[in-house]
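Student: I'll drop the sequence and a predicted model, then ask my questions.
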Amino acid sequence: MNFLHLLILALATWRLSSLLSAEEGPYNIFGKFRILVGIHYIGQRVDVRGQLAKLFSCTWCLSVWIGAIASVAYYYLREPIVWFVLPLALSAAAIIVGKFAES
């Protein structure tokens with residue numbers, strides 16, 4: 001694995017973990033997904049029901065599993081997986097640059 005592929009996979013792992021655990025996404029698709037896995041929002045309180053819901057309620061925890069899946073996919077697919085996750089990596093890079101530009 002070269003450094004560029006590692007960077008792309010790392011950024012994509014973070015971006016996908018963040019999308020699935022904390023963001024709403026277009027048409028609230030990720031919010032609806034979290035409800036399906038057992039995460040319910042009651043006002044400001046978050047009600048987590050079950051082990052799968054616990055996993056998807058923590059970006060750090062979820063990133064371990066997404067990173068593992070990305071690693072296996074890279075092992076078997078190499079270039080195709082890099083091109084598949086490149087948009088996620090570019091999105092993550094844009095968010096990071098945006099955070100630095102704001103400060």
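Tutor: Cool, the structure landed.

Student: what residues of the strand or helix carrying residue 68 count as buried?
Tutor: Using DSSP states H and E, residue 68 maps to helix 59-77. Judged by neighbour count using 16 or more other Cβ atoms under 10 Å, the buried positions of helix 59-77 are 59, 62-63, 66-67, 70, 73-74. All C-beta spots, glycine's among them, are computed from the backbone N, C-alpha and C.

Student: okay if I get the residues you listed as a markdown table plus distance to residue 52?
Tutor: Below are the buried residues of helix 59-77 laid out as a markdown table (distance: Cβ to Cβ, whole Å):
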| residue | distance to residue 52 |
| --- | --- |
| 59 | 15 |
| 62 | 11 |
| 63 | 16 |
| 66 | 14 |
| 67 | 18 |
| 70 | 19 |
| 73 | 21 |
| 74 | 25 |
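
Student: name the single longest helix found in the chain.
Tutor: Using DSSP state H, we find that the single longest helix of the chain is helix 79-102.

Student: can you pull the contacts of the nearest residue to residue 63 once chain neighbours are set aside?
Tutor: Nearest non-adjacent residue to residue 63, counting by Cβ to Cβ, 6 or more residues apart in numbering: residue 17, 4.0 Å away. Contacts for residue 17 (Cβ atoms under 8 Å, 6 or more residues apart in numbering) come out as 59-60, 62-63, 66.

Student: try 6 Å
Tutor: Neighbouring residues of residue 17 by Cβ atoms under 6 Å, 6 or more residues apart in numbering: 59, 62-63, 66.

Student: distance between the ends of stretch 51-68?
Tutor: For stretch 51-68, the first-to-last residue distance is 18 Å (Cα to Cα, to the nearest Å).

Student: and stretch 13-32, by the same measure?
Tutor: Distance between the two ends of stretch 13-32: 21 Å, counting by Cα to Cα.

Student: average pLDDT for stretch 37-46, rounded please.
Tutor: The predicted model gives stretch 37-46 an average pLDDT of 87.
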